[in-house]
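[1] A predicted structure for the sequence below; I have some questions about it.
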Amino acid sequence: MKPWIPWCAACVLVIGASRAVHAFAGQAPAPQEKPEVVRAESWPKLDAAVTDKVKLDVERLRKARTPEMGAQALDALSQVGAGVAPMLIAALGREEDDGARKRIVEVLEKVTGPEHTRLFAAEFAAKSPEVRKWALRRAAGFLDPGIVKPAEAALERARKGLEKKDTDKDELLRAAIACASAGSLAGFEVLQSNAYDAWGKYGVEAHVALGGVRGAAATKLAASKLEPKDHPKPNDPALKAADRARIVGTLRLLAGCGDDSAVAVVKPFLDSNDNTVRIAAINAVRALLDHEPPLVDLPVFDAVEMAKKLKARL
């Protein structure tokens, strides 16, 4: 098997038919060498003149009365670069308007990247839940073992906060995903229990982050949820909802974290009569063999044909 290369979150949902054909022909994308990321220890400093202009543009971004005003502020801030992040993060913590929050986050996404993971981690304990959740989500998109301690601390705070009703499930899930991205299995049970119902909202991010724990330990943990009776047989009755959720959730996790041994675990489910299970198995095999992102809403006939082609390769 070729070395695993994490996929960026923006790539995960969309795939063209031609790439599926290449996957069946065994023509996986060639691994590309990536330069080592130099992690920043602080945000770039702005000189006084630029700082004053940025303050004005941040307020224009927040209070944009027209789309044009918002777009102009967004463009101006984006051109300055990562040095605007501290002011935007502070604004995000104060902002109550959803539209303004979205505009602030849009700029933050433009000016930050993998080199800023340690700076995102510094916000995991921020007073504002909006800032905490944004920082957790953003950091989880870039696999960095260097944030494992703050990620695990964020997970513990989210657990305690949920018990006290001081936080919400969204923060708990984002902390669990961030832990996985940093190489920690501390939140794996959170991902397991949400890998079915919550996958529509968190699946793209979780799939990327699970690359951080890819290996034997995560594979064993995920596969432990499967039972011998789960293996499909001809003329099987329809799956119970709980069994479908457990199997599909496990296959989704294995697609992200499975090692070489996961292929044998996933293979039987290509024969499932349940199309939801079949698609999850297809996506897992595609990820394990070719590092391909998940397909969405695959029709039954197409899924049956694709499962046959993938089985022929195993």
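    On my side now, so go ahead.
[2] quick one: low-confidence parts of this protein?
    Scanning the chain for pLDDT under 70 picks out 1-34.
[3] Secondary structure element for the residue sitting nearest the centre point of it, which one?
    Nearest to the geometric centre of the chain sits Glu205, at 1.2 Å (C-alpha atoms, centre = their mean). Using DSSP states H and E, Glu205 falls within helix 199-209.
[4] immediately after that helix, which helix or strand?
    Taking DSSP H and E, what comes next after helix 199-209 is helix 216-223.
[5] wait, the residue nearest to the centre of the chain sits on Ala139?
    No - contact criterion C-beta atoms under 8 Å: Glu205 and Ala139 do not qualify, at 10.7 Å. Using the backbone N, CA and C atoms, a C-beta is placed for each residue, glycine as well.
[6] tally of neighbours for Leu226?
    The number of residues packed near Leu226 is 18, by other C-beta atoms under 10 Å.
[7] which ones are touching it?
    Arg246, Ile247, Thr250, Val265 (C-beta atoms under 8 Å, 6 or more residues apart in numbering).
[8] Gly203 and Val38, how far apart?
    30 Å (C-beta to C-beta, to the nearest Å).
[9] Ok, Ala82 next?
    13 Å.
[10] that older thread, just send the contacts of Leu226 back as CSV, with neighbour count and distance to Lys169 too.
    Listed next are the contacts of Leu226 as CSV, based on neighbours: other C-beta atoms under 10 Å; distance: C-beta to C-beta, whole Å:
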residue, neighbour count, distance to Lys169
Arg246, 20, 19
Ile247, 25, 23
Thr250, 25, 21
Val265, 20, 29
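[11] Now intersect those residues with the strands, please.
    Among those, no member falls in strands (DSSP state E).
[12] Closest to Asp236 out of those?
    Taking C-beta to C-beta as the measure, Ile247 is the one of the contacts of Leu226 closest to Asp236, at 11.9 Å.
[13] What are the boundaries of the strands in the stretch 51-200 of the chain?
    Applying DSSP state E, counting those that start in this stretch to the stretch 51-200 of the chain gives no strands.
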